[in-house]
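Colleague: 3D model of this:
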Amino acid sequence: MNTEVPTLARKAIAELLGTFVLVCFATGVIISGVVPFMGLALSPALAVFILILTLGYISGAHFNPAVSLAFLLLKQMNLKEFITYILAQLAGSAIAALSMFVIFSKAKSNVVHSGVNQLAHGTSFLTGFFLELGMTTVFILVVLLASQVRANEPKQWAPFSISIAVFGLLLTFGPLTGACFNPARWFGPALASGFWNNGAIYIFAPMIGSVLGVFTFRYLSSGAGRNPA
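Modeller: Now for the predicted structure:
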């Protein structure tokens, strides 16, 4: 068995590739215009499940700046790794969004602004902000509780738990905010379409939610046989 620790370059490539696939799965079903709402929620969840299983052993399968921030706060990655991960994630998202122009045509992509997350009509900025913050808090908590396991405890359920959380959040809150909880997921389509509306929601709310998720994880796991940083 190969026990070599992946280099930062390999981790960055894995994060770029994983974010690319995630954004393609998340936006392709929107741009196509033929997938029912259930499919819009299921596609990104399946992507997350597959990517954790295939790339998780290389980079930890973050594909989300909010997740990377959580691991930085838990001191499970350093600042250089954090910055590298963020840049790789943003690059993967941008490449994915631009690829959608080629796959579906620019005209078709422009109809839905490349699948960028948007507030539903009647959803206020403040409501959207707190929904994205709350969703990210829950998502980060699931990620940390699923991945920070007890010694000798199997991790097989982690990909399933995390992908089910993604599916549930998208299914429940997707009609209101697009259920982003991932600045990288928003960035590529926003860049490709030039549609930057409510960007503060999709950038800052997930990062604040990540901090709250870490605090909640530390509180819940303290003294529970786990090993919070």
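Colleague: mind listing what's buried in the lowest-mean-pLDDT helix or strand in the chain?
Modeller: When each helix and strand of the chain is scored by mean pLDDT, DSSP states H and E, helix 106-111 comes last, with a mean of 85. The neighbour-count check on helix 106-111 (16 or more other CB atoms under 10 Å) flags Ser109 as buried. C-betas here are computed from N, CA, C, even on glycine.
Colleague: tell me which residues are up against that helix.
Modeller: Outside helix 106-111, the residues within contact range by CB atoms under 8 Å, 6 or more residues apart in numbering are 31, 33, 100-101, 115, 192-193.
Colleague: now render the residues you listed as CSV, adding pLDDT, distance to Gly92 and secondary structure.
Modeller: Formatted as CSV, the contacts of helix 106-111 follow (pLDDT from 0 to 100; distance: CB to CB, whole Å; DSSP: H, G, I helix; E, B strand; the rest coil):
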residue, pLDDT, distance to Gly92, secondary structure
Ile31, 95, 17, helix
Gly33, 90, 24, coil
Met100, 92, 13, helix
Phe101, 87, 16, helix
Gly115, 95, 15, helix
Ala192, 94, 13, helix
Ser193, 94, 17, helix
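Colleague: now those residues as TSV including distance to Leu90?
Modeller: Converted to TSV, the contacts of helix 106-111 look like this (distance: CB to CB, whole Å):
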residue	distance to Leu90
Ile31	20
Gly33	26
Met100	16
Phe101	18
Gly115	16
Ala192	12
Ser193	15
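Colleague: and the two most separated of those residues?
Modeller: Spatial extent of the contacts of helix 106-111 (CB to CB) is set by the pair Gly33 and Ala192 at 16.9 Å.
Colleague: the more surrounded of those two?
Modeller: Legend: neighbour count by other CB atoms under 10 Å for Gly33 and Ala192, higher for Ala192 (26 against 10).
Colleague: let me see the contact set for the spatially closest residue to that one that is not a sequence neighbour.
Modeller: Excluding the flanking residues, the one nearest Ala192 by CB to CB, 6 or more residues apart in numbering is Ala97, at 3.7 Å. Counting by CB under 8 Å, 6+ apart, Ala97 makes contact with 23, 27, 114-115, 188-189, 191-193.
Colleague: again, only this time at 7 Å
Modeller: Residues counted as contacts of Ala97 (CB atoms under 7 Å, 6 or more residues apart in numbering) are 23, 27, 114, 188-189, 191-192.
Colleague: how about low-confidence regions in the chain?
Modeller: Counting by pLDDT under 70, the chain shows low-confidence ranges at 1-3, 149-155, 223-229.
Colleague: where do the helices of it begin and end?
Modeller: Ranges of helices in the chain, per DSSP state H, are 8-32, 37-59, 65-73, 79-104, 106-111, 125-147, 157-177, 183-193, 199-221.
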